[in-house]
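Chemist: Let me see the structure of the following:
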Amino acid sequence: MRFKLPNGGRTNDAAEYSKAWRELARPIETITNYHLVSFDPNLQFHNSDDSDNFELSLKVAKLLGDSLREKQLA
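Modeler: Reported below is the predicted structural model:
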C-alpha cells in the first residue's frame, strides 16, 4: 500500500508514514499540550483534560511547525 507523506512523497512503509506525520505535529503538540489523534490530509489534535479538539490543514500545520522550529533556533 502506498502512503502519502506530508512532504508529498509516498512510501510503502507504515512506520515511516506515521513517523513523518508525528514529526510534523510535534512542535504543535508541544505548545498546545494537545496530542495528535489523526492525520492525512488534515491533522486533528485532542486534549484529554477537557475533551477539546482542533483540526489544522496540512498547509497551516507546515507553516506553524516551520515558524515554531525557527523560533526555537533563534
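Chemist: can you list the residues that contact stretch 2-19?
Modeler: With Cβ atoms under 8 Å, 6 or more residues apart in numbering as the test, stretch 2-19 has contacts from 1, 20-21, 24, 39-41, 58, 61-62. C-beta coordinates here come from the backbone N, C-alpha and C atoms, glycine included.
Chemist: These in helices, which ones?
Modeler: Among the contacts of stretch 2-19, the members falling in helices (DSSP state H) are 20-21, 24, 58, 61-62.
Chemist: Buried only: go through the residues you listed for me.
Modeler: 20-21, 24, 58, 61 (16 or more other Cβ atoms under 10 Å).
Chemist: and which of these is nearest to Asn47?
Modeler: Checking those against Asn47 with Cβ to Cβ, the nearest one is Ala61 at 16.6 Å.
Chemist: Look up how far Thr11 lies from the residue nearest to Tyr34 when sequence neighbours are not counted.
Modeler: Leaving out its chain neighbours, the residue that sits closest to Tyr34 by Cβ to Cβ, 6 or more residues apart in numbering is Phe45, at 3.8 Å. Noted for Phe45: a distance of 23 Å to Thr11, by Cβ to Cβ, to the nearest Å.
Chemist: Give me the more crowded residue out of those two.
Modeler: Phe45 (21 against 15; other Cβ atoms under 10 Å).
Chemist: Beta-bridge partners for the more buried one, please?
Modeler: Beta bridges link Phe45 to Leu36, Phe54 when assigned by DSSP bridges.
Chemist: Would you mind confirming that it makes contact with Pro27?
Modeler: No: between Phe45 and Pro27 there is no contact under Cβ atoms under 8 Å: 11.9 Å.
Chemist: quick one: the residue sitting nearest the centre point of the chain from Tyr17, how far?
Modeler: For the chain, the residue nearest the mean C-alpha position is Ala25 (2.6 Å; Cα atoms, centre = their mean). Distance of Ala25 to Tyr17, given as Cβ to Cβ: 13 Å.
Chemist: now swap in Pro41 and tell me
Modeler: 13 Å.
Chemist: Name the residue in those two with the higher neighbour count.
Modeler: With neighbours defined as other Cβ under 10 Å, Pro41 and Tyr17 compare such that Tyr17 has more, 20 against 9.
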